[in-house]
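Asks: Here is my input; please provide its structure:
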Amino acid sequence: MKTHLLAEHGKTAWRIVMAHPAHETVKLACDELFHFVMQMSGAALPVQTELVADGEYEILVGNSGRLAHHGIHVDWDELGEEGFVMQSAEHYLLLAGATPRGTLYAVYAFLEEELGCRWFASDCARIPKKAVLAFSQVSRVEKPAFESREAYWRDAFDGAFAVRNRMNSNKADISIRQGGRMKFYNFHHSFNDLLSPSEYFDQHPEYFSLVNGVRLRDRTQLCLTNPEVLQIAIARVRQWIRENPDCRVFSVAQNDWGNYCTCPACAALDAREGSPAGTMIAFVNQVAEAIHEEYPHIYLHTFAYQYTRKAPRTIRPHPNVIVRLCSIECCFSHPLDGTHAAPLAPQEKQPRGVQCGGPDSNAFLRDLREWSAICNHLYIWDYTTQFHNYLQPMPNFDALCRNLRLFRDMGVKGVLEQGNFSHGGGGHLAELEAYLQAKLLWNPDCDMQAHMMDFLNGYYGEAAAPLVFAYIEGWQQAVRPWHMRIYDSAHAPYITEELLEKSVNLLGEALRLTSDARQRARLSRLCASMDFLLISRLPLGTPGRNAMIDRFGWALREAGIDEIHERWTLEDALAQMKAADDECMQKRSLTNDYKM
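Replies: Predicted structure coming up:
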């Protein structure tokens with residue numbers, strides 16, 4: 001394959017050319033290309049505008065008049081909002097999108113795919129040093145599989161990491177100069193913000209859920225057939241839009257519990273539609289229609305979640321309504337469209353907290369197909385961590401890539417992969433999950449194992465990488481005969497003494513072979529997951545158990561981890577570990593925030 005010499009021994013014949021005037025994001029793309037080429041080779045690429053006379057070798061960043069000079073034609077409509085073209089010839093290299101963000105992605109793709117740069121985590125990159133820098137003849141177009149791509153892990157919220165890995169995450173700190181993001185207002189559950197019970201309930205209890213003959217003030221939903229509720233909601237959404245002109249999507253979504261309204265009007269509509277999604281979509285549609293003439297570019301976002309997960313029979317979402325289907329009940333060890341694990345033998349007793357996910361996954365797949373058939377903007381909320389404890393392994397890689405391919409093929413437009421998003425750090429393989437999810441959300445057909453090994457070598461070091469890979473594969477093999485949920489216990493059947501011993505030995509050997517302080521710290525955080533499991537499986541009264549928990553807590557704080565259970569402080573989590581073994585902890589309904 002023909003190659004082009006970009007730089008040699010600190011010198012280059014190429015220059016960067018952009019439009020005049022250029023968008024700030026295009027200027028950033030040029031700056032990033034200059035910076036990383038300089039860092040790799042020592043060569044300084046001149047950065048100029050199209051007003052400067054033609055040069056012999058030009059890197060054309062973004063659309064400009066220079067394309068016509070080189071006889072380049074691009075179908076900009078084909079690229080969409082975030083796609084890009086990467087095209088080279090003897091005297092030029094084109095890196096351009098139809099939008100400034102697409103152009104920035106083109107530059108990062110060139111740096112990554114042609115020059116070998118990697119951005120593994122917010123604190124870990126690989127920028128190779130090369131005396132001779134060259135790139136191959138290229139001619140390709142890339143477009144993302146999903147219009148909204150969110151790896152919902154704390155490390156992925158770093159703006160530089162997100163944009164360099166081509167995520168447009170709502171949560172990430174992506175500046176306007178970095179291309180901006182698909183920004184949501186009130187991203188999650190919003191009914192209490194639309195109509196606060198503290199403001200309205202005393203005078204108008206009829207605005208809220210009727211459950212078992214009683215209007216609920218606490219843990220309530222809205223009465224979605226009440227016309228006054230609709231008018232208040234419309235006014236509130238208009239207020240949100242005026243106050244947040246940089247947002248494109250506004251959430252009109254159920255609260256994070258059950259208790260939907262069963263008044264006669266709501267119950268009748270839901271019965272007709274075969275699902276409480278009937279009242280939900282009817283309500284959100286009316287809000288969307290009311291604001292559409294004034295704000296035709298605005299989308300409303302709602303959930304198909306737990307009681308609203310089943311699609312309605314006849315009502316269809318408004319063209320400007322995004323429906324986000326949530327997979328919280330599913331098995332996460334097997335692909336949705338793959339072979340499910342064999343059932344347990346009838347005489348075998350399942351440990352507490354472990355359930356057969358097959359029927360739930362099949363039901364979700366049915367709902368996915370139904371929503372896909374009726375919804376123009378179907379998004380997914382998926383789950384990629386153990387919420388029982390963020391440190392507990394979640395061996396989900398068998399399912400992750402295949403499910404994303406399924407979602408794409410079913411016409412899903414956006415995916416959020418929820419991990420540990422807390423400020424408290426932690427999360428088993430958090431940085432690897434974020435990195436792989438970014439790659440898969442852009443292209444579910446990518447070689448996930450190659451990306452994984454690339455990451456492990458860069459993040460943990462070449463000596464430790466094969467051992468960490470063996471550790472990961474050991475967990476994948478262990479979970480394959482079982483269904484795995486997001487609240488599994490440390491006593492789940494796939495967590496055996498043999499698996500723990502093997503895992504501890506592999507990570508211990510990885511530490512022994514690693515001398516770099518940062519890589520050792522990363523391995524130590526991984527070892528904390530095994531410490532958690534070993535302690536959690538000890539019965540109450542085991543001599544030295546509380547002292548082990550104290551040392552465990554100290555090590556977590558030293559590593560900057562201060563949250564290991566969802567919405568619990570570290571102190572509360574450690575106190576609970578002392579008060580009860582893991583089996584007892586399962587009696588506390590850790591799923592209260594999700595299932596009622």
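Asks: got any ranges where this structure has weak pLDDT?
Replies: 338-357, 581-596 (pLDDT under 70).
Asks: Where do the domain boundaries of it fall?
Replies: Listed by automatic domain parsing, the domain ranges of the chain are 3-143, 191-243+254-320, 327-338+377-589.
Asks: measure the first one end to end?
Replies: The one in question is domain 3-143. Using C-alpha to C-alpha, to the nearest Å, the end-to-end distance of domain 3-143 comes to 24 Å.
Asks: From Pro317, how far out is the residue nearest to Asn186 when sequence neighbours are not counted?
Replies: Spatial nearest neighbour of Asn186, excluding adjacent residues (C-beta to C-beta, 6 or more residues apart in numbering): Ser251 at 4.5 Å. The way it works is simple: take the backbone N, C-alpha and C, and place the C-beta from them, glycine included. Distance from Ser251 to Pro317, counting by C-beta to C-beta, to the nearest Å: 14 Å.
Asks: Then Gly474?
Replies: Counting by C-beta to C-beta - Gly474 and Pro317 are separated by 44 Å.
Asks: same deal with Ala271?
Replies: 20 Å.
Asks: These two - which one has more neighbours?
Replies: Legend: neighbour count by other C-beta atoms under 10 Å for Ala271 and Pro317, higher for Pro317 (26 against 11).
Asks: Helix, strand or coil: sort out the more buried one for me.
Replies: coil (DSSP: H, G, I helix; E, B strand; the rest coil).
Asks: from memory it sits against Ile374, does it?
Replies: Yes - using C-beta atoms under 8 Å, Pro317 is in contact with Ile374, at 6.9 Å.
Asks: Across the sheet, point out what pairs with the residue nearest to Asn186.
Replies: For Ser251, the beta-bridge partners are His301 (DSSP bridges).
Asks: tally of neighbours for it?
Replies: Quick note: Ser251 (other C-beta under 10 Å) scores 25 neighbours.
Asks: cool, and the one 3 residues further on?
Replies: Applying other C-beta under 10 Å, we find 23 residues neighbouring Gln254.
Asks: Which residue is the nearest non-sequential neighbour of His204?
Replies: His204 sits nearest to Glu228 (C-beta to C-beta, 6+ apart), 7.4 Å away.
Asks: for the stretch 1-150 of the chain, what spans make up the strands?
Replies: 3-8, 14-18, 47-49, 57-61, 84-88, 92-97, 118-121, 124-126, 132-136, 139-142, 148-152 (DSSP state E, counting those that start in this stretch).
Asks: what's the distance between Thr569 and Arg154?
Replies: 16 Å.
Asks: More neighbours: which of the two?
Replies: A count of neighbours by other C-beta under 10 Å puts Arg154 above the other of Thr569 and Arg154, at 21 against 13.
Asks: Setting the sequence-adjacent residues aside, check what's closest to that one.
Replies: Arg154's closest residue in space is Phe421 (C-beta to C-beta, 6+ apart), at 5.7 Å.
Asks: Quickly note the distance from the one you found to Leu432.
Replies: For Phe421 relative to Leu432 (C-beta to C-beta), the value is 16 Å.
Asks: So for these two, which sits in the more crowded spot?
Replies: Legend: neighbour count by other C-beta under 10 Å for Phe421 and Leu432, higher for Leu432 (23 against 20).
Asks: and that one, what helix or strand is that in?
Replies: For Leu432, the element it lies in under DSSP states H and E is helix 430-442.
Asks: Give me the contacts around the helix or strand following that helix.
Replies: Sequence-wise, the next helix or strand downstream of helix 430-442 (DSSP H and E) is helix 448-460. Outside helix 448-460, the residues within contact range by C-beta atoms under 8 Å, 6 or more residues apart in numbering are 118, 120-121, 124, 126, 397, 400-401, 431-432, 435-436, 439-440, 464-465, 468-469, 472, 510, 514, 519, 522-523.
Asks: List buried members of these by neighbour count.
Replies: 118, 120-121, 124, 397, 400-401, 431-432, 435-436, 439-440, 464-465, 468-469, 472, 510, 514, 519, 522-523 (16 or more other C-beta atoms under 10 Å).
Asks: just checking, what's the longest helix in this structure?
Replies: helix 517-536 (DSSP state H).
Asks: which residues are contacting that one?
Replies: Counting by C-beta under 8 Å, 6+ apart, residues outside helix 517-536 touching it are 123-124, 389, 391-393, 426, 428-429, 431, 459-461, 464, 468, 471, 490, 495, 500, 503-504, 507-508, 510-511, 514, 545, 548-549, 552, 555-556, 559, 561, 564, 577, 581-582, 585.
Asks: If I take it and helix 430-442, what angle do their directions form?
Replies: 100 degrees (axes from the mean of the first three to the mean of the last three C-alpha atoms, to 10 degrees).
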